[in-house]
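**Student:** Could you look at this predicted model? Sequence included:
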Amino acid sequence: MKNMKYVLCLLLALVAGGNSLAKVAGDPDLKNFPEGYAPKEIGAKLGRHFIPGKHFLHDGKWIHYAEVCTWLGALRYAQVAGDDELIGMLEKRFEPLLKEEKAYLPIKNHVDLNMFGCLPLELYRITKNQKYYDLGMPYADTQWQLPADASDREKEWAQKGFSWQTRLWIDDMFMITIVQSQAYRVTGNKEYINRAAKEMVHYLDELQCENGLFYHAPDVPFYWARGNGWMAAGMAELLKALPKNSPERKRILKGYLTMMNSLKEYQGENGMWNQLVDQPDCWPETSGSAMFAYAIITGVKQGWLPKKEYAPVARKAWLALVPYINEQGDVTEVCVGTNKKNDKQYYYDRPRIAGDYHGQAPYLWCVTALME
């Protein structure tokens, strides 16, 4: 049924685009899209849909990283679109976190919580308001400041120069790199980007499989889409910020290119990637697919990927992703939050929901990458 929906939507897109197959399948610069698929149109819809949304809380206490990612995505879209009104709305939505909602500010003791710092640092980049800098920087700094009650394992990581929050879960390579990259962007201090790069190389050396993909965990040998999506997006984010002369850049770029080549091969005829990337009978999942699309779009735009080879992959993905947005502006077919489990059927059976921030966020990242 979902494949039929995609086919119908694509046929409608062809008609809307003046029946021009070249307009749908061509344009290696990823600029021209049929009516209803324009990145600016989608960004405005999803960005404004976020404004009245309820907070998504980690353990019912603190702003969840998925909400942070969506907020960040909306801010970046608004900047590239020149949408000052939306920027104002997004900043206004943040204001209660400095006052009556202050209790929702995440504590600084976990990789998923510390990444919150990337959001106020983005607001600082836009507004130059010192309060956002003062709020955001401690999240980046404490990720490398060993706490007094650190475990022996955490002390070992710190002694090796890694974050004490290291745990070798693949989603860490977005959570750590995004806040450290942001800290580098606002300070110019290479310590932040260098330590993020060192961390990324360690994760690549320890976790990347020969085909370029990543198991959900070393003891869970399944290529879960969103887990791999965090890694793909994290490498793209880091490479965008990493100086060209970084000694770690060559290794990270190799890991990125190996993964992108594998993703190109596993993309479905419908333009999507499945919940388990290498399983053709698994269902197409939107959050992972959007993260992969973002990483590929970014690679094409930055010149890391051959345009002739990968622009069609990116374009096919975007045309596949848009029909999964419903009339309310909710992304559908999003896998719910998923912990690791050494059970293949577990991944097939995970519930799928609409409007989850895990899905809304990477769609906004794609929009921004397409417009940059």
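**Tutor:** Cool, the structure landed. Numbers count the residues shown, from 1 in each chain.
**Student:** Strands of the stretch 151-300 of the chain, start to end?
**Tutor:** Applying DSSP state E, counting those that start in this stretch to the stretch 151-300 of the chain gives no strands.
**Student:** Now do stretch 207-227: everything it contacts.
**Tutor:** By Cβ atoms under 8 Å, 6 or more residues apart in numbering, the residues outside stretch 207-227 that reach it are 168-171, 228, 231, 255, 258-263, 273-278, 285, 287-289, 291-292, 335, 338, 340-342, 344, 347, 358. (Each C-beta comes from the backbone N, C-alpha and C, glycine too.)
**Student:** Show me what the mean pLDDT comes to for it.
**Tutor:** Averaging pLDDT along stretch 207-227 gives 96.
**Student:** thinking again about what came up before, which of the contacts of stretch 207-227 are buried? Put it as a ChimeraX command.
**Tutor:** Per 16 or more other Cβ atoms under 10 Å, the buried members of those correspond to this ChimeraX selection:
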select :169,170,171,228,231,255,258,259,260,262,263,273,274,275,276,277,285,287,288,289,291,292,335,338,340,341,347,358
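**Student:** Among the contacts of stretch 207-227, which lie within helices?
**Tutor:** Among the contacts of stretch 207-227, the members found in helices (DSSP state H) are 228, 231, 255, 258-263, 287-289, 291-292, 344, 347, 358.
**Student:** Show me where the stretch 1-150 of the chain has its helices.
**Tutor:** For the stretch 1-150 of the chain, helices defined by DSSP state H, counting those that start in this stretch occupy the ranges 2-16, 21-25, 39-50, 65-81, 84-94, 111-114, 118-127, 130-141.
**Student:** Oops, could you answer that again for the stretch 151-300 of the chain instead?
**Tutor:** Secondary structure of the stretch 151-300 of the chain (DSSP H, counting those that start in this stretch): helices at 152-159, 172-187, 190-207, 225-241, 249-266, 286-302.
**Student:** Residue ranges in this structure under the pLDDT threshold?
**Tutor:** Within the chain, the segments meeting pLDDT under 70 span 1-26.
**Student:** about what we covered before: so which of the helices of the stretch 1-150 of the chain comes closest to residue 251?
**Tutor:** helix 111-114 (21.5 Å; Cβ to Cβ).
**Student:** buried stuff in that closest one?
**Tutor:** 111-114.
**Student:** List the contacts of it.
**Tutor:** By Cβ under 8 Å, 6+ apart, the list of residues contacting helix 111-114 from outside reads 58, 62, 65, 106-108, 139-140, 142-143, 163, 165-167, 169, 171-172, 175-176, 179.
**Student:** which of those residues count as buried?
**Tutor:** Listed as buried from the contacts of helix 111-114 are 58, 62, 65, 106, 108, 139-140, 142-143, 163, 165-166, 169, 171-172, 175-176, 179; burial here means 16+ other Cβ under 10 Å.
**Student:** residue contacts, residue 317?
**Tutor:** 267, 271-272, 289, 292-293, 296.
**Student:** any idea how far residue 77 lies from residue 278?
**Tutor:** Distance, residue 77 to residue 278, using Cβ to Cβ, to the nearest Å: 32 Å.
**Student:** Same question for residue 112.
**Tutor:** 26 Å.
**Student:** Straight-line length of stretch 323-340, end to end?
**Tutor:** 29 Å (Cα to Cα, to the nearest Å).
**Student:** Sorry, slip of the keys, the one I care about is stretch 177-197.
**Tutor:** One end of stretch 177-197 sits 8 Å from the other (Cα to Cα).
**Student:** Could you tell me how far it lies from the centre of the chain?
**Tutor:** Mean-position distance between stretch 177-197 and its chain equals 17 Å (Cα atoms, centre = their mean, to the nearest Å).
**Student:** what sits up against it?
**Tutor:** 72, 114-118, 121-122, 124-125, 133, 136-137, 139-141, 143-144, 161-163, 176, 199-200, 234, 237-238, 240-243, 246, 248-249, 252.
**Student:** make it 6 Å
**Tutor:** 115, 117-118, 121, 124, 139-140, 234, 237-238, 241-242, 246, 248 (Cβ atoms under 6 Å, 6 or more residues apart in numbering).
**Student:** and it, which residues are buried?
**Tutor:** Applying 16+ other Cβ under 10 Å to stretch 177-197 flags 177-186, 192-197 as buried.
**Student:** Which pair of those spans the longest distance?
**Tutor:** Checking those with Cβ to Cβ, the most distant pair is 186 and 197, at 17.5 Å.
**Student:** Identify each buried residue in stretch 205-215, please.
**Tutor:** Within stretch 205-215, the residues scored as buried using 16+ other Cβ under 10 Å are 207-208, 212-215.
**Student:** next one: stretch 344-361
**Tutor:** Buried residues in stretch 344-361, counting neighbours by 16+ other Cβ under 10 Å, are found at 347, 350, 353-354, 356-361.
**Student:** go on, stretch 235-251?
**Tutor:** Residues of stretch 235-251 classed as buried: 235-239, 241-242, 246, 248-249 (neighbour count, 16+ other Cβ under 10 Å).
**Student:** Check what contacts it and list those residues.
**Tutor:** Contacts with stretch 235-251, where a contact means Cβ under 6 Å, 6+ apart, come from 177-178, 181, 184, 193, 197, 200-201, 256, 295, 298.
**Student:** ok so, going back, which of the buried residues of stretch 344-361 sit farthest apart?
**Tutor:** 347 and 360 (21.5 Å).
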